[in-house]
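In: Would you be able to build a 3D model of this:
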Amino acid sequence: MSKTLDRVDRRILDELQGDARVSNQELAKRVGLSPAPCWRRLRRLEDEGFIDGYATLVNGPAVGLPILAYTLVSLENHHPETIREFDQLVKDRPEILECHSMSGPNDYLMRIVAASMEAYERFMSLHVLQIKAVRALNTSFVLRTKKYTTRLPVL
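Out: Numbers count the residues shown, from 1 in each chain. Model prediction:
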């Protein structure tokens, strides 16, 4: 398998990022293919890992999760057991939407949602700060979102 993208592959990816529910028939029309070759390309893009999956984007405030926070985490050490414990927390807690290992003075950046400031504080106190190796947390709360997209510039 080639693991390369041509212009048509990129158009397919761009169209799907705009509307993942588009039918294969409509997708084929938009990218200038007939349905069968479009379907084969789509399957190849999935099989080769260009498409990780499909998701529904839910509005946090609309479902009772108006608090969005970005928290920088610094650990005391990077022993394997420490990392396993932290990784398990990240995996288990649905409040943590993203967690990235970072370069620079902090070890991780987490994107967290909560129902309220109290819920955020409770989550930190009862879960994150229970990990002995957590040295410091630095949180910034989102006041207003100017831009939010999951769309990558593939064209």
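
In: For the rest of this, base every contact and every neighbour count on C-alpha atoms.
Out: Fine.

In: Pull the number of nearby residues for Ala20.
Out: 15 (other Cα atoms under 10 Å).

In: Same check on Glu118?
Out: 10.

In: in this structure, which spans are helices?
Out: 7-18, 24-31, 35-47, 80-92, 117-126 (DSSP state H).

In: give me every residue that touches Pro66.
Out: With contact taken as Cα atoms under 8 Å, 6 or more residues apart in numbering, Pro66 is in contact with 60, 113-116.

In: ok, Leu45 touching Ile51?
Out: Yes: if you go by Cα atoms under 8 Å, Leu45 and Ile51 touch, sitting 6.0 Å apart.

In: Who has more neighbours out of those two?
Out: For the pair Leu45 and Ile51, the greater number of neighbours falls to Leu45 (20 against 15), based on other Cα under 10 Å.

In: I'd like the distance between the more buried one and Ser125.
Out: 42 Å (Cα to Cα, to the nearest Å).

In: The residue most central in space within the chain pairs with what?
Out: The chain has Glu98 as the residue nearest its centroid, 5.4 Å off, counting by Cα atoms, centre = their mean. Beta-bridge partners for Glu98, by DSSP bridges, are Arg111.

In: Show the pLDDT at it.
Out: Glu98 carries a pLDDT value of 98.

In: before we move on, what about Ala55?
Out: pLDDT, read off for Ala55, is 92.

In: same deal with Met1?
Out: 47.

In: What is the neighbour count of Leu27?
Out: Neighbours of Leu27 using other Cα under 10 Å come to 23.

In: what sits against it?
Out: Leu27 is in contact with 12, 15, 38, counting by Cα under 8 Å, 6+ apart.

In: Try it again at 7 Å.
Out: Contacts for Leu27 (Cα atoms under 7 Å, 6 or more residues apart in numbering) come out as none.

In: go on, Glu76?
Out: If you count contacts by Cα under 7 Å, 6+ apart, Glu76 has them with 133-135.

In: could you flag which of the residues you listed are buried?
Out: Buried members of those, counted by 16 or more other Cα atoms under 10 Å: 133-134.

In: Between the contacts of Glu76, which sits nearest Glu121?
Out: Distance to Glu121 across the contacts of Glu76 (Cα to Cα) is lowest for Val134, with 15.4 Å.
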